[in-house]
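Trainee: With the input below, show me the fold.
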Amino acid sequence: MAAASALGACACFVSTKTLLYYRSSFKLLYEGVERRLDGEVRRVEDDLEAHFVSVQRICHNTALPAVVPRLKHAMQSHLDLDAQLRVLRGSVSSHQKLQAWEDLKILAFTRAAAATISLTILSLHMRVTLNILSRQLYLDLGLQGTPGRTEWPTLGVEAQESFLALVEKGFASVGVGHLVRVVQAVVSRRVGELQLSKSLSAPELRAVLEGIRDELFPTVIHGGWVTAERTTGGVHLDGQPGGDGDGGLNVISARSESSSLAEFSVPPPHDGTNCRWDDLLMPPHNMDLLMGVVPEAAGSRVGVGEAQRFETEQQLLSMAREVRTTVGDQRFVDVLEAALNEAWEQMTVEALKEVFGVDMNPLDGGTVIQVAKLVPAMSNLSGEILEEASSFRGVLGVVSGCREVHAFMREIW
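Mentor: Have a look, this model is predicted:
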């Protein structure tokens, strides 16, 4: 009896020891697997972060500088100063010369304001588009070799270029003229009454620029001008006669010789509903341009090449729809507002430096400048804004460094 009890106790001890051994072994195995998984997660996260940073750098250094010249051309075609300068150089009456100076005054402020706003819009449009494209390429790369993906290639260079080209075919081509109309109308009301002989100090010039911003931004940000332009029977977003494409309506030359630039009107500020950034930045008819951009793959089996082209086109259309949905959302409007405010502040600081000097005190009310002398300085500023767009202190650099923009791009990525 005692022997049986001892044998049972010994078996129990051995069983317990065995269980403890296996428990310890499984624990070590689990911890090893967990460490490897944590390492893999960190590696994937670091890889994603590296790709994200690389995409933002490519956007700032390559993609945006490639489309800025198109925007600059559109700006110059809609805000040309040649007509007014010819009047000043010609043998005309003093009244005509005075009117030319008044027009130049409005044009100078309009050019600086429109350049700042246009670059900000273009920057956000390109960033949204490029991040959506790059995320798709990253996913395609990760899925290569998996079952069901062997016959489907990643997006080729030509397809990628066609997708990014939609940015240039959007606001940079057909939206600038509409924006110029809105900016010009607000500037006319804010600056039109400033006498050319009046002198402004640095605080007074800042107040003028802030007044333009406060009246202009509610309409620009909420897209009311987009909806209005589509329904007024004037310039259409679809590029039909009277559109903003090459050879379209020039805002300045379209007016009669006897009228003033200050006579242009703009729809009242939008109430924040029914934003139409999707129609401006990714109009449906532009998405049709993606059809047929994929060439037939050489050597493809009958039926496979057509299927691959169809799959690629559907992928491009899906990304275009995502761009349209993204820019049509209120989140985009909020980010645009934050970016515009930072870009406008940068423009204001540069304007004060351009007029009063680099070492000026922004609170100094003693140093003044006549409005007539302010006109060429503000006109030059618009050129500098476009020329230095991609520099760190330029508008694109400011937008790139905007915290809200960075967070928004991470959400998309």
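
Trainee: so where's the stretch 201-350 of the chain shaky on pLDDT?
Mentor: Applying pLDDT under 70 to the stretch 201-350 of the chain flags residues 224-275, 292-305.

Trainee: Could I get the full set of helices for it?
Mentor: 202-222, 224-231, 277-281, 284-287, 304-327, 330-356 (DSSP state H, counting those that start in this stretch).

Trainee: of these, which approaches G383 most closely?
Mentor: helix 330-356 (10.8 Å; Cβ to Cβ). All C-beta spots, glycine's among them, are computed from the backbone N, C-alpha and C.

Trainee: by contact count, what packs against the next helix or strand after the closest one?
Mentor: As assigned by DSSP states H and E, the chain's next helix or strand after helix 330-356 is strand 368-370. If contacts are counted by 3 or more Cβ pairs under 8 Å, 6 or more residues apart in numbering; DSSP states H and E, strand 368-370 sits against strand 199-201.

Trainee: Show me what the strand it packs on is packed up against.
Mentor: So strand 199-201, by 3+ Cβ pairs under 8 Å, 6+ apart, packs with strand 368-370, helix 371-387.

Trainee: Indicate which one of the ones you listed is closest to R135.
Mentor: Nearest to R135 among the helices and strands packed on strand 199-201 is helix 371-387 (29.8 Å), distances taken as Cβ to Cβ.

Trainee: Can you name the element that comes right after the closest one?
Mentor: helix 395-401.

Trainee: Find the one among the helices and strands packed on strand 199-201 with the highest mean neighbour count.
Mentor: By mean neighbour count, with neighbours taken as mean count of other Cβ atoms under 10 Å, helix 371-387 ranks first of these at a mean of 18.

Trainee: now the angle from that one to helix 202-222?
Mentor: Taking axes from the mean of the first three to the mean of the last three Cα atoms, to 10 degrees, helix 371-387 and helix 202-222 form an angle of 50 degrees between their directions.

Trainee: Can you give the contact residues for stretch 342-359?
Mentor: 112-113, 116-117, 119-120, 202, 205-206, 209-210, 213, 217, 360, 362, 364, 367, 369, 374, 377-378, 380-381, 384-385, 393, 395, 398-399, 402 (Cβ atoms under 8 Å, 6 or more residues apart in numbering).

Trainee: Mark which of those residues are buried, thanks.
Mentor: Buried subset of the contacts of stretch 342-359 (neighbour count, 16 or more other Cβ atoms under 10 Å): 112-113, 116-117, 119-120, 202, 205-206, 209, 213, 217, 369, 374, 377-378, 381, 385, 395, 398-399, 402.

Trainee: any idea how far S118 is from the residue nearest to T120 when sequence neighbours are not counted?
Mentor: Leaving out its chain neighbours, the residue that sits closest to T120 by Cβ to Cβ, 6 or more residues apart in numbering is A343, at 4.6 Å. Distance, A343 to S118, using Cβ to Cβ, to the nearest Å: 10 Å.

Trainee: And for V335?
Mentor: 17 Å.

Trainee: In CSV: the helices and strands packed on strand 199-201, plus distance to R276 and mean pLDDT.
Mentor: Compiled in CSV, the helices and strands packed on strand 199-201 are given as follows (distance: least, Cβ to Cβ, whole Å; pLDDT from 0 to 100):
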stretch, distance to R276, mean pLDDT
strand 368-370, 40, 90
helix 371-387, 26, 89
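
Trainee: Out of the ones you listed, which is closest to V92?
Mentor: So among the helices and strands packed on strand 199-201, helix 371-387 is nearest, using Cβ to Cβ, at 17.7 Å.

Trainee: what's the angle between that closest one and helix 330-356?
Mentor: Going by the same axes, to 10 degrees, helix 371-387 makes 130 degrees with helix 330-356.

Trainee: how far is helix 371-387 from where the chain is centred?
Mentor: Chain-centre distance of helix 371-387: 24 Å, with Cα atoms, centre = their mean, to the nearest Å.

Trainee: contact partners of that helix?
Mentor: 68, 71-72, 75, 79, 81, 101, 104-105, 107-109, 111-112, 114-116, 119, 194-200, 205, 347, 350-351, 354-355, 369, 394-395.

Trainee: and those residues, which are buried?
Mentor: Buried among these (16+ other Cβ under 10 Å): 68, 71-72, 75, 79, 81, 101, 104-105, 107-109, 111-112, 114-116, 119, 194, 200, 205, 347, 350-351, 354-355, 369, 394-395.

Trainee: which parts of stretch 154-174 are buried?
Mentor: Those would be 154-155, 159-160, 162-174, for stretch 154-174 by 16+ other Cβ under 10 Å.
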